[in-house]
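A.B. asks: Structural data only, the sequence is not supplied:
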């Protein structure tokens, strides 16, 4: 049995190129559509403990973001626009329409939450509800950067260095880097199932390393331009928003997630869960229950 089939039993793999950049995903279940988006440096495999339960009530689409996993990795440009959250959001709207869904729910962890934020602002008719996991808005986090945050989120400032500096350094020992980056924090390596870890290592290729650096370069440049333009124009997230974060993580310690999201959205609820950063793998039952309550009411 293929690794993806073991992680997502009963789901079918799809490759959708409706937006010009192929989006790889797995699809399972019946009911209202729920798009699940992963973070750095992972793939849709982060949802393997949550998706089967959610598939009992929703049509679950767990997708790889542009630049990650098996999704497309287009060439970049000087402004990093191909890896902007706006570009990533456009991919996903096109992919969901190709599956027959003009409106859907979205849940995003880490980078996926940032793409979800942009999706909800740029495509308000498409996103019925949004859940974001273990983030505050990108602009708020950059504007409040201090020494504590820079130490805790060192990778934000490392990955945005000009190419090929981080690509070369990570590429010298990608398995070490992956374990060092993801194994840090309260949960250590025990939170990752062996088959999921195998997928993360397998997909952390030179192409993904470069594309993921571009994701962060975009976040520090063109994404901030888009976020500031939204703020200046008064554009906010119109749909209900659920914010969940780890009680043992950096967001809890250094930010005020409910207040931060209320600055950019009108209907915000949420709470800290007893976990670190990787909520879907550390406390999957709690995440699933929160999603069932929020998306199912």
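C.D. replies: The structure has been received and is ready for your questions. Computed from a prediction, not measured in an experiment: that's the story for all the values here.

A.B. asks: residue contacts, residue 81?
C.D. replies: Residue 81 is in contact with 87, 218, 222, counting by C-beta atoms under 8 Å, 6 or more residues apart in numbering. No exception for glycine: its C-beta is placed from N, CA and C like everyone else's.

A.B. asks: which one of these has the most neighbours?
C.D. replies: Sorting the contacts of residue 81 by how many neighbours each has (other C-beta atoms under 10 Å) puts residue 218 first, at 27 neighbours.

A.B. asks: In which helix or strand does it reside?
C.D. replies: Per DSSP states H and E, residue 218 falls inside helix 206-219.

A.B. asks: Just the angle for the helix or strand just after that helix relative to helix 206-219, thanks.
C.D. replies: Once the chain leaves helix 206-219, the next helix or strand it forms, by DSSP H and E, is helix 222-233. With axes from the mean of the first three to the mean of the last three C-alpha atoms, to 10 degrees defining the directions, helix 222-233 sits at 30 degrees from helix 206-219.

A.B. asks: sorry, back to before: from the chain's centre, how far out does the helix holding residue 218 sit?
C.D. replies: Helix 206-219 sits 14 Å away from the centroid of its parent chain (C-alpha atoms, centre = their mean, to the nearest Å).

A.B. asks: Tell me where the stretch 51-200 of the chain has helices.
C.D. replies: Along the stretch 51-200 of the chain, the segments classed as helices by DSSP state H, counting those that start in this stretch run 51-54, 85-98, 111-122, 138-143, 147-152, 154-159, 165-171, 174-183, 194-203.

A.B. asks: same for the second one, what does it pack against?
C.D. replies: For helix 85-98, the elements it packs on are strand 12-16, strand 23-28, strand 33-37, strand 59-63, helix 111-122, helix 206-219, helix 222-233, judged by 3 or more C-beta pairs under 8 Å, 6 or more residues apart in numbering; DSSP states H and E.

A.B. asks: what would those look like in JSON lines with mean pLDDT and distance to residue 96?
C.D. replies: Compiled in JSON lines, the helices and strands packed on helix 85-98 are given as follows (pLDDT from 0 to 100; distance: least, C-beta to C-beta, whole Å):
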{"stretch": "strand 12-16", "mean pLDDT": "96", "distance to residue 96": "9"}
{"stretch": "strand 23-28", "mean pLDDT": "98", "distance to residue 96": "9"}
{"stretch": "strand 33-37", "mean pLDDT": "99", "distance to residue 96": "6"}
{"stretch": "strand 59-63", "mean pLDDT": "98", "distance to residue 96": "7"}
{"stretch": "helix 111-122", "mean pLDDT": "98", "distance to residue 96": "10"}
{"stretch": "helix 206-219", "mean pLDDT": "98", "distance to residue 96": "20"}
{"stretch": "helix 222-233", "mean pLDDT": "98", "distance to residue 96": "21"}
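
A.B. asks: among those, which is nearest residue 295?
C.D. replies: strand 33-37 (6.1 Å; C-beta to C-beta).

A.B. asks: which residues does residue 178 contact?
C.D. replies: 41, 200, 201, 204.

A.B. asks: Check whether the first one really touches residue 181, as I assumed.
C.D. replies: So that's residue 41. Yes: between residue 41 and residue 181 there is a contact under C-beta atoms under 8 Å: 6.5 Å.

A.B. asks: For those two, indicate the residue with more neighbours.
C.D. replies: Between residue 41 and residue 181, counted using other C-beta under 10 Å, the more crowded position is residue 41 (23 against 15).

A.B. asks: show me what contacts that one?
C.D. replies: Contacts of residue 41 (C-beta under 8 Å, 6+ apart): 68, 178, 181, 182, 200, 204, 208, 212.

A.B. asks: out of these, who's nearest residue 148?
C.D. replies: residue 181 (18.5 Å).

A.B. asks: out of the contacts of residue 81, who's nearest residue 163?
C.D. replies: Closest to residue 163, out of all of the contacts of residue 81 and judged by C-beta to C-beta, is residue 218, at 12.6 Å.
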